[in-house]
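Enquirer: the sequence isn't on hand, but the structure is:
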């Protein structure tokens with residue numbers, strides 16, 4: 001295996017979900033070994049079970065040190081040994097699986113913070129299982145923000161067609177509306193700008209969605225646009241950034257799709273996720289922006305309804321690995 005390729009930590013996700021299956025399938029693809037050196041962080045027993053369900057997997061090799069090169073043709077595994085298959089039946093919420101999944105993320109994050117891996121790619125967590133284990137985070141983004149001490153972290157969705165970053169994510173709609181404040185919108189625009197730069201776009205064209213129908217229609221349908229969003233846009237423009245006025249949410253994504261904008265700032269979770277999942281359900285990638293490390297993830301959940309059947313698609317995992325490698329290279333090369 002080419003030792004100059006970036007070392008990428010791949011977490012197994014919730015052992016009872018489809019994470020182990022999509023990871024096994026993705027690692028069978030020769031493209032992965034051509035762009036990175038994968039290091040799986042999980043439980044060998046769960047990987048073996050997933051390989052059985054999926055009709056086989058790559059040969060794995062246990063390593064104690066992330067820098068250890070596995071035998072030729074093998075994939076390195078940092079075996080945490082914390083998810084006995086009998087304690088993590090497929091498709092069932094369990095504290096054991098939730099605790100194991102969090103451990104994989106924390107281990108990968110710490111390796112990245114120490115510079116021992118170039119970035120991390122995460123398979124999905126199950127929030128109920130995570131909470132049952134006593135880890136009360138809304139998801140990966142919040143867990144990683146806490147672990148790294150990052151002050152401002154956002155969720156970026158990337159697909160071949162769209163890039164979307166959110167002012168708020170996993171909160172109730174009433175709370176999401178309350179979070180549309182000038183300071184928060186400006187911080188999210190900054191994350192959008194930095195994310196595009198990290199992807200190699202020197203001067204990003206940033207669209208900002210409105211919150212209300214027709215972006216408020218001049219105050220007829222609400223004043224968040226004039227009161228909170230437009231002032232944030234003005235402050236962003238004062239930094240020399242190319243940022244739109246608040247755009248009608250029902251057309252801004254179509255215009256971005258047609259090439260008018262490089263990225264869209266969505267005001268809340270579903271506003272951004274619906275167009276992304278409609279267009280790229282199997283190819284969407286979730287990127288945590290604002291962290292001191294590179295982190296990407298699949299843009300879907302644990303899919304307990306199909307776990308254990310070997311039928312889950314690995315396309316989003318493959319895309320997440322590809323985007324992580326792109327971000328790693330972009331950090332090493334000035335934007336153009």
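Expert: Great, that's in hand. Remember, it's a predicted structure, so these values are computed and weren't measured experimentally.
Enquirer: I'd assumed residue 296 was in contact with residue 140.
Expert: No. Residue 140 lies out of contact with residue 296 (C-beta atoms under 8 Å); the separation is 10.1 Å. In this view, the C-beta of every residue, glycine as well, is placed from N, C-alpha and C.
Enquirer: list residues touching both of the two?
Expert: 122, 286, 288 (C-beta atoms under 8 Å, 6 or more residues apart in numbering).
Enquirer: and of those, the nearest to residue 190?
Expert: Closest approach to residue 190 among the shared contacts of residue 140 and residue 296 (C-beta to C-beta): residue 288, at 14.9 Å.
Enquirer: going on from the helix or strand encompassing residue 264, what's the next piece of helix or strand?
Expert: Here residue 264 sits within strand 263-266, counting by DSSP states H and E. Beyond strand 263-266 on the C-terminal side, the first helix or strand identified by DSSP H and E is helix 269-280.
Enquirer: got the domain ranges for the protein?
Expert: Split into domains by automatic domain parsing, the chain comes to 1-150+292-336, 151-290.
Enquirer: turn the ones you listed into CSV, columns for mean neighbour count and mean pLDDT.
Expert: What follows is those, written out as CSV (neighbours: other C-beta atoms under 10 Å; pLDDT from 0 to 100):
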stretch, mean neighbour count, mean pLDDT
domain 1-150+292-336, 20, 93
domain 151-290, 19, 92
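Enquirer: isn't residue 256 right up against residue 208?
Expert: No. Contact criterion C-beta under 8 Å: residue 256 and residue 208 do not qualify, at 11.2 Å.
Enquirer: give me the common contacts of the two.
Expert: In contact with both residue 256 and residue 208: residue 264, using C-beta under 8 Å, 6+ apart.
Enquirer: tell me where the chain has strands.
Expert: For the chain, the strands defined by DSSP state E occupy 7-11, 37-42, 60-62, 75-79, 119-122, 154-158, 163-166, 205-209, 242-247, 263-266, 285-289, 295-298.
Enquirer: which one, of these, ends up nearest to residue 29?
Expert: strand 37-42 (10.6 Å).
Enquirer: name the helices or strands packed onto that closest one?
Expert: strand 7-11, helix 19-27, strand 75-79, helix 95-113 (3 or more C-beta pairs under 8 Å, 6 or more residues apart in numbering; DSSP states H and E).
Enquirer: swap in 10 Å and give it another go.
Expert: Helices and strands touching strand 37-42, by 3 or more C-beta pairs under 10 Å, 6 or more residues apart in numbering; DSSP states H and E, are strand 7-11, helix 19-27, strand 75-79, helix 95-113, strand 119-122.
Enquirer: could those be laid out in a markdown table, adding distance to residue 187?
Expert: Output for these, formatted as a markdown table (distance: least, C-beta to C-beta, whole Å):
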| stretch | distance to residue 187 |
| --- | --- |
| strand 7-11 | 27 |
| helix 19-27 | 31 |
| strand 75-79 | 35 |
| helix 95-113 | 22 |
| strand 119-122 | 23 |
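Enquirer: alright, calling it a day.
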